[in-house]
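I need the structure of the sequence given here:
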Amino acid sequence: MEPGSPKVSPGKSNTTSRTITDTIIGEHTHTIVGYSLIKGIGDGEPIASERFTVGGHEWVLLFYPDGKRSSSSDAQLGPGDAAAMHHAVAAVPPPGIVVGQPGQPAAHPHVPNGPAAAAGGGAAAVAAPGAAAADGDGMAAAPPPPAAAGGAAAGAVIQGMVPHHHGHPQGMPAAAAMQLARMAPPQGRRDTTNEYAALFVALIGEGPNPQGVVNTNEGKVVRAFHRFSLVDQTGQGRDLTKGRTREAGAVKISCARQDPNARNCHGYRKFVKRNILEDPARGFLVNDTIVIKYTIELVVSTGGALSRTVNPTKTELIKVPPPGIGKDLAELFHSGQNSDYVIVVEHEGQAEEIRVHRMLLESRSPFFRGMLESNMAEAQQGRFMVRDMLAPVVKAVLYFMYTDQLPEELEGANLEVAMAQHLLAAADLYQLTRLRRICERRLCESVDVETVATTLALAEQNHAEELKRVCLDFVSRNLAAVMQTDGYRHMTRSCPSLQAELLQVIASSNIAAPVAAGHERGHGSGHRGHGGQHVRRLEDGAEERRVRPRRNE
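Prediction:
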């Protein structure tokens, strides 16, 4: 060693490590239109949002317009919750509810994996003394003991009373227990007397790279801060907001959806009083619509030996753009570059030429393929005359042939009924199956009294069987009004056979009800119908026709 060199101790190493904890913030806004129509849906019946993803986890909001008060002996959610969760994600067990102490602002549900709720499931569970209290954010620290099996005893939430095996709480006189039983809603009947609406968020699935997963003695969980807001739609900023504070700590939600004791939901049973929600001065309910805004801060830690490193998120080195052939072909159609064929649209003495590509027409339409591969004049001359369609309809059809979709201004609800009717006829002529289905669906969605007869005739003429069935059913239920329209008179002239089919539909729909009614009258009133007069009421509001039965000679 040279003089003056630093002294190095053999075997010594200096190491460092670093753990960083931060939050991933996500927001989801759920708008509920038609609030007045969902009132009375029943206690424990939710309205679910679409699923949304934050931090690689899939979530769904559950709004209970009539509250979430009842809980079964196994703390399971009811059939309405299961149905809502089934629509949100397949094969995920419905979330349940863990009942906290009475008077707390919220409760914390969990996901069961067992049979349906036991007897007494329509009433609220009784909180036992010594059960862990729910904190101010609505998170139950521990699940309470199950409620008694008897439905009568489970009819109220009573602080400090334990359910007894005889059906009423210890220390409560039998008369008082019977009074509570009478106050509880009957088994099987929906209770809409809850003064609060409830709101929860549920963890329903994971993507390929879920973040923030922590291994604890309770299993794999994620921790997050949740904030629920009922939006003031008047723009005055008076939103009603409830959520977890940083001082209270993050809420744990289990990732083990198959565990019956896992807590996969978080929220508030008493989110908002219904009379406050419906107060016009508050601005929460405007035009029969409410808006719910949900914010989540998912806690994520990186670094450290215990951090989850399975399927880590990899930085995308090369970004691959989405497919663009449809856009390119749309541009080719609009420009007409290198076109080799002409569609001529004649209407009211005016002619408009549209330059197209022969090969594309042949590949997309059996009609054009058969025509252009033949010795017909249209194939030899390089021109095809269209005399029975408007130019906008022809252009929309050609655009569809190029891109397999309609122009943006005709997509979805922008497609008006008249245009959909024209496009349906063109799709049938040129044998464009997908376009015909699009038009059928749109016309089925927009059936009304004024247009249904015209649409029915169009469906008959253009082989749209499902659309025809929907129109026949609508006309049979609204015959008097439909018969007053010009479309009905057009239908009878252009498709007279439809009148016979319409009568068959009306007859088949009217047979079952009179038979059932006559059966009940026969059993309940000594078969009075056998000796009286038979009356048939016509659908179109005509006079009643009475026919006296013929006597046996």
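
Could you use CA atoms for every contact and neighbour count after this?
Fine.

Let me see the confidence value for Ala154.
What the model reports for Ala154 is a pLDDT of 39.

ranges for the strands of the stretch 151-300 of the chain?
Counting by DSSP state E, counting those that start in this stretch, one finds strands in the stretch 151-300 of the chain at the ranges 196-206, 213-216, 219-230, 240-243, 251-254, 265-273, 289-302.

for stretch 20-39, which positions count as buried?
Buried residues in stretch 20-39, defined by neighbour count with 16 or more other CA atoms under 10 Å: Thr23, His28, Thr29, His30, Ile32, Ile38.

Tell me if the third one really is in a helix.
No - counting by DSSP: H, G, I helix; E, B strand; the rest coil, one finds Thr29 to be strand, located in no helix.

The nearest residue to it once chain neighbours are set aside: how many residues sit nearby?
Ranked by CA to CA, 6 or more residues apart in numbering and with sequence neighbours excluded, the top spatial neighbour of Thr29 is Lys293, at 4.4 Å. When neighbours are counted by other CA atoms under 10 Å, Lys293 registers 17.

how much space between Lys293 and Arg436?
For Lys293, the distance to Arg436 (CA to CA, to the nearest Å) stands at 39 Å.

With Met419 instead?
Distance from Met419 to Arg436, by CA to CA: 12 Å.

Repeat that for Gly326.
19 Å.

ditto for Leu240
47 Å.

Which residue of those two possesses the greater neighbour count?
Arg436 (24 against 16).

Hmm, Leu424 and the more buried one touching each other?
Yes - counting by CA atoms under 8 Å, Leu424 is a contact partner of Arg436 at 5.3 Å.

I figured Lys68 hits Thr193, correct?
No - with contact defined as CA under 8 Å, Lys68 does not reach Thr193; the gap is 11.1 Å.

neighbour-wise, which of these two wins?
Legend: neighbour count by other CA under 10 Å for Lys68 and Thr193, higher for Lys68 (28 against 12).

Pull the contacting residues for that one.
Asp43, Gly44, Glu45, Ala197, Ala198, Arg269 (CA atoms under 8 Å, 6 or more residues apart in numbering).

Please list the residues outside the one helix or strand Leu332 maps to that contact it.
Taking DSSP states H and E as the definition, one finds Leu332 inside helix 325-335. Helix 325-335 is contacted by residues Val356, Tyr399, Tyr402, Thr403, Asp404 when judged by CA under 8 Å, 6+ apart.

Now do the buried residues in that helix.
Buried residues in helix 325-335, counted by 16+ other CA under 10 Å: Leu329, Ala330, Leu332, Phe333.

could you turn the following helix or strand past that helix into PDB, dropping everything but the C-alphas?
Sequence order places strand 341-347 as the next helix or strand after helix 325-335, per DSSP H and E. In PDB, the C-alpha atoms belonging to strand 341-347 read as follows (Å, rounded to 0.1, in the frame of the first residue of the first chain):
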ATOM      1  CA  TYR A 341     -66.200   3.900 -61.800                       C
ATOM      2  CA  VAL A 342     -69.100   6.500 -61.600                       C
ATOM      3  CA  ILE A 343     -72.400   6.400 -59.600                       C
ATOM      4  CA  VAL A 344     -74.800   8.900 -61.100                       C
ATOM      5  CA  VAL A 345     -77.700  10.000 -58.800                       C
ATOM      6  CA  GLU A 346     -80.700  11.500 -60.700                       C
ATOM      7  CA  HIS A 347     -83.400  13.300 -58.800                       C
END
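
by contact count, what packs against strand 341-347?
Here strand 341-347 touches strand 350-356, strand 383-386, going by 3 or more CA pairs under 8 Å, 6 or more residues apart in numbering; DSSP states H and E.

Mind putting those strands into CSV with distance to Ala480?
Formatted as CSV, those follow (distance: least, CA to CA, whole Å):
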stretch, distance to Ala480
strand 350-356, 41
strand 383-386, 38
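
List just the one of those strands that sits closest to Leu62.
Judged by CA to CA, the one of the helices and strands packed on strand 341-347 that comes nearest to Leu62 is strand 350-356, at 51.6 Å.

Enumerate every residue touching Tyr35.
Applying CA under 8 Å, 6+ apart, we find Tyr35 in contact with Asp288, Thr289, Ile290.

Oops, could you answer that again for Val394 instead?
Val394 touches Val345, counting by CA under 8 Å, 6+ apart.

What's the mean pLDDT across the helix or strand that contains it?
Val394 belongs to helix 391-403 when assigned by DSSP H and E. Here helix 391-403 scores 95 as its mean pLDDT.

Got the phi and psi for Gly40?
phi 90, psi 10 (degrees, to the nearest 10).

now the one 5 residues further on
Summarising the backbone geometry of Glu45 under the convention degrees, to the nearest 10, its torsions are phi -100, psi 120.

ok, how many other residues are close to it?
25.

Lys39 versus that one, what's the distance?
Relative to Lys39, and taking CA to CA, Glu45 is found at 10 Å.

sorry, back to before: quickly list what the residue nearest to Thr29 is bridged to.
Judged by DSSP bridges, the bridge partners of Lys293 are Thr29, Ser229.

Hmm, Val231 and it touching each other?
Yes - the pair Lys293 / Val231 is scored as a contact, 6.8 Å apart, by CA under 8 Å.

Any regions of the chain where pLDDT drops low?
Low-confidence regions of the chain, defined by pLDDT under 70, span residues 1-11, 70-192, 256-263, 306-316, 511-553.

Regarding Thr15, what is its secondary structure?
Classified using three-state DSSP, Thr15 is coil.

Over to it: give its phi and psi.
phi -120, psi 150.

Now for it, how many residues are close by?
As a burial measure, Thr15 scores 4 neighbours (other CA under 10 Å).

And it, how close does it get to Thr302?
Plainly put, Thr15 is 18 Å away from Thr302 if you go by CA to CA.

cool, and Phe63?
From Phe63 to Thr302 the distance is 34 Å (CA to CA).

Name the residue in those two with the higher neighbour count.
Counted by other CA under 10 Å, Phe63 and Thr302 do not tie: Phe63 has more neighbours, with 26 against 16.
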